[in-house]
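Enquirer: Sequence plus predicted model, see below.
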Amino acid sequence: EAGVAQSPRYKIIEKRQSVAFWCNPISGHATLYWYQQILGQGPKLLIQFQNNGVVDDSQLPKDRFSAERLKGVDSTLKIQPAKLEDSAVYLCASSFGDNYGYTFGSGTRLTVV
Amino acid sequence: GNSVTQMEGPVTLSEEAFLTINCTYTATGYPSLFWYVQYPGEGLQLLLKATKADDKGSNKGFEATYRKETTSFHLEKGSVQVSDSAVYFCALSKDNQGGKLIFGQGTELSVKP
């Protein structure tokens, strides 16, 4: 089966610019997650969707980050305006909504200069 | 709150050496425990998991036992190979949180021929 697709693979932007990442989960996976992985740290959950509804966005910096999952399939994560500390790998994952069938994409590496 | 602590890396071993990477957790109730591996340039992959106390997860020669009395889930392998060089992440998930994962900071393993 196809994996979790993410694009772009790499992105370099200047601070205060905006950027968007795209994720297409595994077909049939109702739950979609966005994680932020800063260099040298473990991934941290930013937002979790169940179908097209938000389940958990408690760790999302809502003043600059936004995410949507229209139609309950693919998802977009946006940062506007970006800060230097947003430099990280942004990982998308999907699952059936529990501990099983959890699959990560390869991630988007963002560098803010 | 729930958290995971791993031994710091990097860990450097010679081929065929014995590997232990320590992982302890803090959580209420009975979380599920996981080890994920991230090979250079690739996404996170599930290595093994255990869902209840005294369970042993195993895969590719790696194993870890869920020890509730010591709140630990140490990763072991009897004889490492150069191809095992990667970053290893310990993680936990609570069954009532829809698959949300809480990760440790990761331990980089480098195996020399």
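Expert: Nice, I can see it.

Enquirer: Quick one: residues contacting the residue of chain B found nearest chain A.
Expert: Using Cβ to the nearest Cβ, the closest approach of chain B to chain A is made by residue B:103 at 3.1 Å. To be clear about C-beta, it is placed using only N, CA and C from the backbone, and glycine gets the same treatment. By Cβ atoms under 8 Å, 6 or more residues apart in numbering or on different chains, residue B:103 lies in contact with A:42, A:43, A:44, B:4, B:36, B:89, B:90, B:91.

Enquirer: rerun at 7 Å
Expert: Residues near residue B:103 by Cβ atoms under 7 Å, 6 or more residues apart in numbering or on different chains: A:42, A:43, B:4, B:89, B:91.

Enquirer: what bridges to it?
Expert: Note on residue B:103: beta-bridge partners by DSSP bridges are residue B:91.

Enquirer: how close does the closest residue to residue B:61 other than its chain neighbours get to residue B:92?
Expert: Computed as Cβ to Cβ, 6 or more residues apart in numbering or on different chains, the closest residue to residue B:61 that is not its neighbour in sequence is residue B:77, at 5.3 Å. Separation of residue B:77 from residue B:92 (Cβ to Cβ, to the nearest Å): 21 Å.

Enquirer: between the two, who's got more neighbours?
Expert: A direct count of neighbours by other Cβ atoms under 10 Å in any protein chain shown for residue B:77 and residue B:92 places residue B:92 higher, at 23 against 20.

Enquirer: which non-adjacent residue is nearest that one?
Expert: That would be residue B:31: by Cβ to Cβ, 6+ apart, it lies 4.2 Å from residue B:92.
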